[in-house]
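1. Pasted the sequence and its predicted model underneath.
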Number of protein chains: 4
Amino acid sequence: MAKHKKQVRNPVQRRSIEKRGRIIRTAQRLFSKHGIHGTTSNEIAAKSGVSIGTFYSYFRNKKELMMEVLRSYLAEFTANIFKGKDIARIAGRKPEIRRLIRELIASAFAAFEHEPEFHRQMWALKYSDPEIRKLFDESEKKEVAYVRSLLELYAPGMKDIDAGAKIIHSAIQNAGHYVKLLDYPMKETRILEELTEMVYRYLFRQ
Amino acid sequence: MAKHKKQVRNPVQRRSIEKRGRIIRTAQRLFSKHGIHGTTSNEIAAKSGVSIGTFYSYFRNKKELMMEVLRSYLAEFTANIFKGKDIARIAGRKPEIRRLIRELIASAFAAFEHEPEFHRQMWALKYSDPEIRKLFDESEKKEVAYVRSLLELYAPGMKDIDAGAKIIHSAIQNAGHYVKLLDYPMKETRILEELTEMVYRYLFRQ
Amino acid sequence: MAKHKKQVRNPVQRRSIEKRGRIIRTAQRLFSKHGIHGTTSNEIAAKSGVSIGTFYSYFRNKKELMMEVLRSYLAEFTANIFKGKDIARIAGRKPEIRRLIRELIASAFAAFEHEPEFHRQMWALKYSDPEIRKLFDESEKKEVAYVRSLLELYAPGMKDIDAGAKIIHSAIQNAGHYVKLLDYPMKETRILEELTEMVYRYLFRQ
Amino acid sequence: MAKHKKQVRNPVQRRSIEKRGRIIRTAQRLFSKHGIHGTTSNEIAAKSGVSIGTFYSYFRNKKELMMEVLRSYLAEFTANIFKGKDIARIAGRKPEIRRLIRELIASAFAAFEHEPEFHRQMWALKYSDPEIRKLFDESEKKEVAYVRSLLELYAPGMKDIDAGAKIIHSAIQNAGHYVKLLDYPMKETRILEELTEMVYRYLFRQ
DNA sequence: GATGAATGAGCTTTCATTCAT
DNA sequence: AATGAATGAAAGCTCATTCAT
C-alpha cells in the first residue's frame, strides 16, 4: 500500500505566511537556547502561539522545520559575510590588497557572532546528517565561488584556481570556528593577522 | 537519599581488561554504523557478549563509555599522523622542504581513513558537547605543538609562531574533513597540492 | 539543555476531569493492593484504560500522583471523622459528656475502616517522606483544631489547651492504628472504653 | 522440585561472630544515613569489609539482615526506656507518683534520641511489612507489660488493666514520635507535662 | 483550517542475588 | 570459607506524531 506523501500546506495567504515565519523564528531561538534535542516540537508550537496540529500542517516533521530554519539562517549568514563587498565594486576600487584580504576574513569571522550557539548546533548536524550537510554545501558553494572570483581578479596566474578557492575558504572557515564557536584561547587578532598573511603570500609570492 | 560516587570496576585481571576492551571496540563499531543516538546501551552490551549489568559495572554510563572510545581513538589518530615523522629524525634528514610539507598533509589526510564514520560522529559532538570538545582540544594541542616545532626548525623568523602553527593545523584539518569525511567533489590531490603550496609560500615567501 | 517546568495538563473539560479522577481512583486501589512500590506507572495507566503517555500528561510523575491520591483521601478521611459532629450543633445539644467523647473516638476509629490498606501504606510513607508528612500534618492540624475547640467548650480551665488537644488527638490516633490497621489482638470496645475514660478524667478530674 | 532452604552460616567461632556483628552495625549506620532503599547490599558488604559473597553466607537476603538489625536495635531501645527503672526498685522507693510518671515518659521520649533516623525508617516499615510489624509487636508487648505491672502496683482498682496499659503505652509512644521523630512544632516539655497530667488523672481520679 | 488529547515504542539505569573459582 | 564478576528483570519517563472533533 503506497503511502501518499502527507500534504503540507503551502501558505499563500498573509496570515499563514506570517504564522510559518513565526514558527521558524521561535524554533531558531529555542534551538540556540536549549539545543536541537533539548527543544520539543510541542514547545516550539506552544511558544509560537499555534497548536501542535497547526505546526504539523506547516511542517512535515521536526527535521523539515530544522532544515527550514537552517536555510533561512544560512542565507542570512552568507549575505552577512559579503555585505558591502560585492565583486564589482571591489574590482573598481582597486583596494590595497592585504587590507582587502584582512577585511574579508574579519567579515567572515564576524558573521559567526550573530547566532553562535545555533551555528554550533547546526554545524554538528552537518557531520552527522547528510541532508543538513547538503544545505551547508549549497551555501558554501556560493562563498567559494565568491572567493574564486576574487582570485580571478587578483591572482589570475594561479595553477588550480578552484582548489585554491576551496582551501582558502576552508582555512578561513575553520579558523572562524575556533575563534568564534570553540573558545580557542588565543586573541582573535593574532589568528586574523597570520591568516591574512598566509593567504596574501599564497596569492602573491609565487 | 544522596547517592555518592558509584563505583566502577577498575579491571586489572586479564579477562576483565579484555572484556572492557571488547566493549569499547564494539561500541566504536556500532557508533560508526548507527551513530551515537542510534546505538543503545543494551545493544552494545549484547553485541559485546556481556549483560547490561556487566556493562554498567565497567562504565558509569553511556557517555563515559563514549568518551573512553573517543580517547582511545584520538590517541591512535594522532599517533597515525606522526608515524615515522618524529621531529628529531626529520631535522637530521634535511629533507626537501616542499616534499616534507606535502607528506605531512597527506599523512594527516590519511589518518581520517581509518574510521571516517566514527570520526564524523564524534566531530559532530565536538560542537555540541563541551566534554567531548575538551578531549579533542587536548589531542589537537599536541598536533599543533608538533607543527610549531617544525616551524621553529624551518621558519624561525615567523612573527607569531603560535598563531601560525594553529592556522596551518586548522587549514589542514578542515581540508582533510572535506576530502575524507564530507565527500567534497574534488580530487584529493588537487586539494593536497594547493594546500602544500599555500603552506610552503606562507613559510618561505616572506 | 536545561529542562524547565514540564507542563501538566490542567483539565477543565468533563471528559478530562473524569479521566484524571479515574486514574486517581485506580491508583488508590492498586496502592492498597500491592503497595506503592509494588505498583508501576504503566500498570496504573493500563488499568485506568489510558496510555502511559496520557498518564504523564496528567501527572508530572508517580510521586505527584501519589500525593494527589493522598490529598483526596485525607480530605475524605477527616471529613468522615467529623461527619455530623460540627461544633455548633454539639454545643447546642449539651450532650452527656462521656457519651460525646466515646462517640468521637468511635467515629475516628471508624474512619480507618474505609481504606485501611491504603491508610497503612501512606502512614508508612509519612515516616520516610517529608512531603507526604506535610500532607498528613495539614490534615491533622485540622483535626487537632477541632479537638481544641471542644476543649474550649468543655474544659475551659485547662492549663495548656494546645498541648492538651494534641495529646488527646495523638492518643486516639495511635489507638486507632492498633485497633484498625495493626491487628492488635484486643477487642476494640475495650480500647474504646478505656480511652474514653482516660480522656474523660483528663478533662474533668482536675 | 522442592527448594531446599538455603543454608546460612550460624557462626560460632569468634571471628565469624565478630564479622556478623560488624555487618549489622554497618547496616544500621547506613540505613540511618541513606534510608533502607538508599542502601544497597553491596555497599553494606563493602563498608563492612567483607565480600558480597560472605554477606550472603551470613544473611539469607537483605530483608533478613534488616530484621536482624531491627531486633538488636529494639532490644537496646526497650532496655534504654527502662534503664534504672525496674519495677522492684520502684516499688521499694515509693516515689512521689506524678514524678514517676513524668520520668517514665521522659525516659521513653529520650529513647528515640539514640537513632531517630533509623527508628523512623523502621517504623515506616512496621506499617507496610508484616514481618517487621511482628518484631515491633514483640518488643512493645514487653513495654506494655511493664506499664501493666506499674498499674498493678499503683492503680489496682482499674477496671480493664490490660486495655489501660495498652492505651497509656500507645499514647506515650505516639507523642514521642511527634516530638522526637516528626518535628512537631511544640516544646517537648509542654507535651510532656500534659501527657503526664492525663495519665496521672486517668490513674488516680476515678 | 485548527485544535490538543492521546499514543506507545523505546531509552537508560539499578541492584538483589548467584555461582564458578 | 571466601570472593566478586556477572546477571537481567524491571522501572520511570519522553516526545514525535496522529486524528477525532
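-> On my side now, so go ahead.

2. Tell me which residue lies nearest the centroid of chain A.
-> residue A:74 (3.6 Å; C-alpha atoms, centre = their mean).

3. tell me the contacts of that one?
-> A:135-136, A:138-139 (C-beta atoms under 8 Å, 6 or more residues apart in numbering or on different chains). For every residue, glycine as well, the C-beta is placed using N, CA and C.

4. and the helix or strand containing it, is it in reach of DNA strand E?
-> Following DSSP states H and E, the helix or strand that holds residue A:74 is helix A:62-82. No: no part of helix A:62-82 sits near DNA strand E under the criterion C-beta under 7 Å from any atom of the strand; the closest distance found is 13.2 Å.

5. Show me what counts as buried in that helix.
-> Residues A:62, A:65-70, A:73-74, A:77-78, A:81-82 are the ones in helix A:62-82 that count as buried (16 or more other C-beta atoms under 10 Å in any protein chain shown).

6. Quickly note the distance from the residue in chain A positioned nearest to chain B to residue B:202.
-> In chain A, the residue found nearest to chain B is residue A:205; the distance is 3.1 Å by C-beta to the nearest C-beta. The gap separating residue A:205 from residue B:202 is 9 Å, by C-beta to C-beta, to the nearest Å.

7. Of the two, give the one with the bigger neighbour count.
-> Neighbour count, other C-beta atoms under 10 Å in any protein chain shown: between residue A:205 and residue B:202, residue B:202 has more, with 26 against 12.

8. tell me the pLDDT at that one?
-> What the model reports as pLDDT for residue B:202 is 96.

9. Could you report the separation of whichever residue of chain A sits closest to DNA strand E from DNA strand F?
-> Ranked by C-beta to the nearest atom of the strand, the top residue of chain A for proximity to DNA strand E is residue A:53, at 2.2 Å. According to C-beta to the nearest atom of the strand, to the nearest Å, residue A:53 and DNA strand F sit 4 Å apart.

10. Quick check: which element contains that residue?
-> Using DSSP H and E, residue A:53 maps to helix A:52-58.

11. Retrieve the pLDDT associated with residue A:23.
-> 96.

12. could I get stretch A:141-153 in PDB with only the CA atoms?
-> Extracted C-alpha coordinates of stretch A:141-153, given in PDB (Å, rounded to 0.1, in the frame of the first residue of the first chain):
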ATOM      1  CA  LYS A 141      29.500  26.700  -2.800                       C
ATOM      2  CA  LYS A 142      28.400  30.400  -3.100                       C
ATOM      3  CA  GLU A 143      31.000  31.500  -0.700                       C
ATOM      4  CA  VAL A 144      33.700  29.600  -2.500                       C
ATOM      5  CA  ALA A 145      32.500  31.000  -5.800                       C
ATOM      6  CA  TYR A 146      33.000  34.400  -4.400                       C
ATOM      7  CA  VAL A 147      36.500  33.700  -3.300                       C
ATOM      8  CA  ARG A 148      37.200  32.200  -6.700                       C
ATOM      9  CA  SER A 149      36.000  35.400  -8.400                       C
ATOM     10  CA  LEU A 150      38.400  37.400  -6.300                       C
ATOM     11  CA  LEU A 151      41.200  35.100  -7.200                       C
ATOM     12  CA  GLU A 152      40.400  35.600 -10.900                       C
ATOM     13  CA  LEU A 153      40.700  39.200 -10.300                       C
END
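
13. domain assignment for chain A?
-> The record, using automatic domain parsing to delimit domains, assigns chain A the ranges A:14-60, A:67-204.

14. right, quick check: the last one against DNA strand F, any contact?
-> No: no part of domain A:67-204 sits near DNA strand F under the criterion C-beta under 7 Å from any atom of the strand; the closest distance found is 12.1 Å.

15. Now the terminal residues of that domain, how far apart.
-> The separation between the terminal residues of domain A:67-204, taken as C-alpha to C-alpha, to the nearest Å, is 40 Å.

16. that older thread, could you check how far the residue nearest to the centre of chain A is from residue C:46?
-> 47 Å.

17. ok, which stretches of chain A are strands?
-> Under the criterion DSSP state E, chain A carries no strands.

18. where along it do the helices fall?
-> For chain A, the helices defined by DSSP state H occupy A:14-34, A:41-48, A:52-58, A:62-82, A:87-93, A:97-111, A:116-128, A:130-154, A:161-176, A:188-204.

19. returning to what we had before: which stretch among the domains of chain A comes nearest residue B:119?
-> Comparing the domains of chain A by their distance to residue B:119 (C-beta to C-beta), the top pick is domain A:67-204, with 8.8 Å.

20. from the chain's centre, how far out does the closest one sit?
-> With C-alpha atoms, centre = their mean, to the nearest Å as the basis, domain A:67-204 stands 10 Å off its chain's centre.

21. which secondary element of chain A has the worst mean pLDDT?
-> For chain A, using mean pLDDT, DSSP states H and E, the weakest element among its helices and strands is helix A:87-93, scoring a mean of 70.

22. burial count for residue A:184?
-> 17.

23. next one: phi and psi at it?
-> The phi/psi pair for residue A:184 (degrees, to the nearest 10) reads phi -60, psi 130.

24. from memory it sits against residue B:166, does it?
-> Yes: judged on C-beta atoms under 8 Å, residue A:184 makes contact with residue B:166 at a distance of 7.4 Å.

25. shared neighbours of those two, anything?
-> Residues touching both residue A:184 and residue B:166 (C-beta under 8 Å, 6+ apart): A:178, A:191.

26. got the contact list for residue A:142?
-> Contacts for residue A:142 (C-beta under 8 Å, 6+ apart) come out as residue A:78.

27. That one and residue A:109, how far apart?
-> From residue A:142 to residue A:109 the distance is 18 Å (C-beta to C-beta).

28. Repeat that for residue A:116.
-> 11 Å.

29. Which one of the two is surrounded by more residues?
-> residue A:109 (21 against 14).

30. follow-up on the earlier one: now list whatever residues contact both of residue A:116 and residue A:109.
-> The contact sets of residue A:116 and residue A:109 overlap at residue A:180 (C-beta under 8 Å, 6+ apart).

31. before we move on, back to that, which residue is the nearest non-sequential neighbour of the residue of chain A closest to chain B?
-> Nearest non-adjacent residue to residue A:205, counting by C-beta to C-beta, 6 or more residues apart in numbering or on different chains: residue B:205, 3.1 Å away.

32. What separation is there between residue A:76 and residue A:113?
-> Taken as C-beta to C-beta, the span from residue A:76 to residue A:113 is 12 Å.

33. What are the phi and psi values at residue A:85?
-> Dihedral angles (degrees, to the nearest 10) for residue A:85: phi -130, psi 30.

34. Any idea how many residues pack against the residue of chain A found nearest chain C?
-> Relative to chain C, the nearest point of chain A is residue A:38 (4.0 Å; C-beta to the nearest C-beta). Burial of residue A:38 is recorded as 14 neighbouring residues (other C-beta under 10 Å).

35. Which of the helices of chain A has the lowest mean pLDDT?
-> For the helices of chain A, the weakest mean pLDDT is recorded on helix A:87-93, namely a mean of 70.

36. what residues does chain A put near DNA strand E?
-> Going by C-beta under 7 Å from any atom of the strand, the residues of chain A near DNA strand E are A:9, A:11, A:13, A:15-16, A:19, A:42, A:50-54, A:56-57.

37. Show me which of those residues is closest to residue B:129.
-> Residue B:129 has its nearest neighbour among these in residue A:42, at 24.4 Å by C-beta to C-beta.

38. who touches the closest one in this structure?
-> Counting by C-beta under 8 Å, 6+ apart, residue A:42 has contacts residue A:52.

39. again with the one 4 residues further on
-> Each residue near residue A:46 by C-beta under 8 Å, 6+ apart is listed here: A:52, C:7.

40. got it, and the one 3 residues further on?
-> By C-beta under 8 Å, 6+ apart, the residues touching residue A:49 are residue A:22.
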